[in-house]
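> Can you look at this prediction? I've put the sequence above it.
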Amino acid sequence: MNSSLKSGTHYVRFVWTVQLVGLLLFSTATSAAFVGPEDLKISYVVSMDDALNHNFRVTMTLEGVSTDTLVLKMPVWTPGYYWIQNYPKNLSRLEIRDAAGRDCPFLKTSKNIWKVATGGAGSLTASWVVYGNSHSVADAFIDTTHAFIVPAALFLYPEDGLKMPSQVTLDIYPGWTTVSTGLEPVATSAATGKSEAPAGAEKAGTPAVTETAGLPPVTGWTFSASCYDVLFDSPILAGNQEVMTFTVNSVPHHIAVLNPGSYDREALKRDYAKVVESAVSIIGEIPYSHYSFLIMGKGMGGLEHLNSMAVFTGREDGDIYPADRRLFRGWMEFIAHEFFHLYNIKTIRPVALGPFDYDRENYTNMLWVSEGFTVYYENIIMNRAGFMTPDDMLESLSRSITAYESIPGSRVQSATLSSFDTWINFFSRSENSQNTTISYYDKGCGLGLLLDLKIRKSTGNRKSLDDVMRTLYYDYHKKLGRGFTDEEFRTECEKAAGTDLGELFGWASSVVRPDYDRYLDYAGLYLKEEAPSVAGGRARYVIIKKEKMTPEQELIYNDLFRAVN
Ligand SMILES: [Zn+2]
């Protein structure tokens, strides 16, 4: 934190004053009827002029405030990153004023909740500072080179207002040229005051001049979100990134990369398009009008979003199109994983994973499906895109099985419990973790393979796990507009297989070792255990193709592990 914030004694005194006034005020205002925030018009301006000190200055304008009190909240976590981040820890200098510029008293009632006495103000302006100096897919960052906005880490929202639309205007740092995000760009016509999307709108276009009725015009980049679930799922990258665009089924896909390399750009776009096409062909429909790959350098991890992904190469000069085949495969598997999440977790999702409660943990038993099957599908997508041979796939799937079968935790924690306890386990690893826990990524991948084989075997390869994914997408996401329960997921798998799957779901919810060989045999495969090469080391598990296969085994094998030219 920079020194100017530490020396904010005036601010400290101010907060005490308003909190005291607030206490008095709220104690006498309990009889005031609380009206929901349905009619509020909400806009934000994010100023990046203090980038040098890693500070975002956020101003929120609420028009149409008619209630005496208004409750503002800030998320404590961001979807996809199952860890309580406590974002308000980076927030300071909160000030709230009415239309006449008078301070509105407010009271903090919880770590992420503020109760504001509005006086029925009509319009309110709240402003605050967010410190962002962490290179993570789940943290805001800003310096003079670029800004990465994780919206949950930046924006307050009105309680009960998650369904409300909002606009975000970015006042980017001098010298920056580009903004990349999955949000919709907005140009507001000064003549009509109506919002309209510019023709051929892309997330990286020309800055628009916007004018909102009754407010002075703002020059900058303005975007809209139809509700807070969209806003909180749309990270923003601002800086001087290179943007490369390709289309799949006429839908634009933008690769925004902070640190461009010296690769063949046309070949890069062709290969990224192949991964997208391969993933899209599994479900058969593209559920967005544009997609953005936000690729940064120094930092960790990747995170899936509604129509974008945020990923780090891990190095300032990290390569997003390695010439080395193995490095290329590893990186593109990562891209395929985050991309396939727009189906498996964003649209094909357990009921607990959307709409979200941003105040607390959102528990589910199903991350072995949402994450583990996404790992399984990395292999399928890469194979069908022509980037992984059957041998590459077998090697990759063997690694997943080894990752959990070779540690003591596999006989202690089930895949469903690993999913449920991700909030306390995943980011809090210790030297004991491998003794008591497993990763739902790894075991989910292994179980995904066994489930796919079982469905193929019991239907004569007429159906596969792809059919389950399509049913969950079309029947639950599109027709019902919701996620599925644990029971519904099993039911849909059993419908596809035409048989009871109690044994396999038992392996998901217990620590019983799956009968790998019986299921692998459906595709003419078996699992070989290789003893540790050094005393105290870990065993290795390798999936091996049998010398001789029956025609049925060949049919399943050749359809699942496709030959690559
Ligand atoms: Zn994932």
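It's in.
> all contacts plus neighbour counts: C-alpha atoms, from now on.
Fine.
> What residues does the nearest residue to Ile556 once chain neighbours are set aside make contact with?
In this structure, Ile556 finds its nearest non-sequential neighbour in Ala523, 5.3 Å apart by Cα to Cα, 6 or more residues apart in numbering. Applying Cα atoms under 8 Å, 6 or more residues apart in numbering to Ala523 gives the contacts Leu453, Glu552, Gln553, Glu554, Leu555, Ile556, Tyr557.
> ok, those vs Val46, which is closest?
Nearest to Val46 among the contacts of Ala523: Leu453, at 50.4 Å, using Cα to Cα.
> Is that closest one within a helix or a strand, and which one?
helix 440-458 (DSSP states H and E).
> Could you list the buried residues of the helix or strand just after that helix?
Next along the chain after helix 440-458, taking DSSP H and E as the criterion, comes helix 465-471. Buried residues in helix 465-471, defined by neighbour count with 16 or more other Cα atoms under 10 Å: Leu465, Asp467, Val468, Met469, Arg470, Thr471.
> quick one: contacts of helix 465-471?
By Cα under 8 Å, 6+ apart, helix 465-471 touches Ile282, Ile283, Asn344, Ile348, Gly448, Leu451, Asp452, Ile455, Glu492, Cys493, Ala496.
> Closest one to Thr69 out of these, please.
Of all the contacts of helix 465-471, the one with the least separation from Thr69 (Cα to Cα) is Ile348, at 38.3 Å.
> right, and the closest one touches Gly483 too?
Yes: here Ile348 reaches Gly483: they are 6.7 Å apart, a contact under Cα atoms under 8 Å.
> Identify the contacts common to these two.
Tyr476, His477.
> And Ser278, how far from Leu449?
18 Å (Cα to Cα, to the nearest Å).
> sorry, that was for Ala336
17 Å.
> now swap in Thr245 and tell me
Taking Cα to Cα, one finds Thr245 at 34 Å from Leu449.
> So between these two, which is more surrounded?
Neighbour tally, Thr245 and Leu449, criterion other Cα atoms under 10 Å: the higher count belongs to Leu449, 21 against 16.
> So that one is in contact with Thr374, correct?
No: using Cα under 8 Å, Leu449 is not in contact with Thr374, being 11.2 Å away.
> what's the strand or helix carrying Val280 in contact with?
For Val280, the enclosing helix or strand under DSSP H and E is helix 265-283. Taking contacts as Cα under 8 Å, 6+ apart, the residues outside helix 265-283 that touch it are 244-248, 286, 321, 332, 336, 339-340, 343, 381-382, 384-385, 466, 469-470, 473.
> For PyMOL, what selects the buried ones among those residues?
Of the contacts of helix 265-283, the buried ones go into a single PyMOL selection, burial set by 16+ other Cα under 10 Å:
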select buried, resi 244+245+246+247+286+321+332+336+339+340+343+381+382+384+385+469+470+473
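> quick one: which of the contacts of helix 265-283 sit in strands?
Met244, Thr245, Phe246, Thr247, Val248 (DSSP state E).
> Spatially, which two of the residues you listed are the most separated?
Met244 and Val248 (13.5 Å).
> tell me how far stretch 401-420 is from the chain's mean position?
Counting by Cα atoms, centre = their mean, to the nearest Å, stretch 401-420 is centred 24 Å from the centre of its parent chain.
> What of stretch 258-275?
The answer for stretch 258-275 is 23 Å, by Cα atoms, centre = their mean.
> next one: stretch 115-128
That offset, for stretch 115-128, works out to 31 Å (Cα atoms, centre = their mean).
> Give me the secondary structure label for Ala535.
Counting by DSSP: H, G, I helix; E, B strand; the rest coil, the backbone at Ala535 sits in coil.
> can you count the residues close to it?
Neighbours of Ala535 (other Cα under 10 Å): 7.
> confidence score at it?
According to the per-residue confidence, Ala535 scores 88 in pLDDT.
> which residues touch it?
Ala535 neighbours (Cα under 8 Å, 6+ apart): none.
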